[in-house]
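Chemist: Build me a model:
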Amino acid sequence: MKRIRLLTYNIHKGIGGRDRRYDLGRILGVIESIGPDLVCLQEVDSHVPRSSLHDQPAMLADHFGFHSLFQLNVPVGRSGGYGNLILSRWPLEISRQHSLRIGRRKPRGLQIARIATPHGPMALANWHLGLTHAEQVMQARMFLEHSHEPMWNEVPMIVAGDTNDWGNRLLRKTLASGGFWQASLPVVRCRSFPAWMPVASLDKIFVRRGVARIHAHVPRFRLAREASDHLPLVAEFEIGG
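Modeler: As a prediction, this is how the structure comes out:
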């Protein structure tokens, strides 16, 4: 069975982490170099002055010719903002988007899509969690409630994105109770932040039953170190069987 390649990547609106220069072309180059089938992006801008008022979700989807789902989480100005984006080589059969905002803290979001891969259906969730551990635990519990809905519960499921989980506590505190295990291990191979000298594994991938032979790593080539303040996290896996 052919493996599926998944990329999760906080693109920092296309702004380099060190040079502070906006260049979406660098992000496109990083993604092209990896050649994923499924993509979970965070901090994607839509019509914001700092990124030349570009419609980044449309530009990314058009460039790769992928199916797409955009979730605007943080408004900026009158008509813009940034949020999460799922890109898929294959059709999205069903999709749902949920707010993970806690009180008056910064808005956060969760996307879940059922994807019709050539190897059978699977569910893919893309999220970007808050900055504190307590906030992350509450958001993970909200995710678990949604993940047990029949449309997701009956197929293999992966959740990926920027967890902001510096202490690597999210799995044992919350997600393990929902039947998830962490695929982005060992931590030393999956450190993604900051891009120029990664010391933390903030970007993580968790999987539930039906996902097998998974291998995760963080590419550290030069363009990836320059394009964002995060490095991309990549996983290859099989479903079914």
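
Chemist: List the buried residues of the lowest-mean-pLDDT helix or strand in the chain.
Modeler: The helix or strand with the lowest mean pLDDT-type score in the chain, counting by mean pLDDT, DSSP states H and E, is helix 170-173 (a mean of 89). Judged by neighbour count (16 or more other CB atoms under 10 Å), helix 170-173 contains these buried residues: L170, L171. Placement of C-beta: from N, CA and C, glycine included.

Chemist: So that it lines up with my notes, have the first residue be 17 from now on.
Modeler: Understood, numbering begins at 17; the last thing we discussed is helix 186-189.

Chemist: Would you mind pulling the contact partners of it?
Modeler: With contact meaning CB atoms under 8 Å, 6 or more residues apart in numbering, helix 186-189 is reached by H149, Q152, V153, A156, T179, F196, W197, Q198, K220, F222.

Chemist: Burial check on the closest residue in space to G30 that isn't next to it in sequence, number of neighbours?
Modeler: Leaving aside its sequence neighbours, G30 sits nearest to L40 (CB to CB, 6 or more residues apart in numbering; 4.1 Å). When counting by other CB atoms under 10 Å, one arrives at 21 neighbours for L40.

Chemist: any idea of the pLDDT on L40?
Modeler: Looking at L40, its pLDDT reads 98.

Chemist: Tell me who's in contact with it.
Modeler: Here L40 is in contact with G30, S67, H70, Q72, M75 (criterion: CB under 8 Å, 6+ apart).

Chemist: and if you look at M138?
Modeler: M138 neighbours (CB under 8 Å, 6+ apart): R130, I131, V171, P172, M173, I174, G226, V227, I255.

Chemist: Excluding covalently adjacent residues, which one is nearest to the last one?
Modeler: So that's I255. I255's closest residue in space is P172 (CB to CB, 6+ apart), at 4.6 Å.

Chemist: Would you confirm that that neighbour contacts I230?
Modeler: No - using CB atoms under 8 Å as the test, P172 is too far from I230 to be in contact (10.8 Å).

Chemist: Between those two, which contacts overlap?
Modeler: What both P172 and I230 touch, as defined by CB under 8 Å, 6+ apart, is the set V223.

Chemist: which helix is the longest one in the protein?
Modeler: When the chain is parsed with DSSP state H, its longest helix is helix 149-163.

Chemist: Show me what secondary structure element comes after that helix.
Modeler: Toward the C-terminus, helix 149-163 is succeeded by helix 166-169 as the next helix or strand (DSSP states H and E).

Chemist: partners of Y98 in the sheet?
Modeler: D61, V90 (DSSP bridges).

Chemist: Noted, bye for now.
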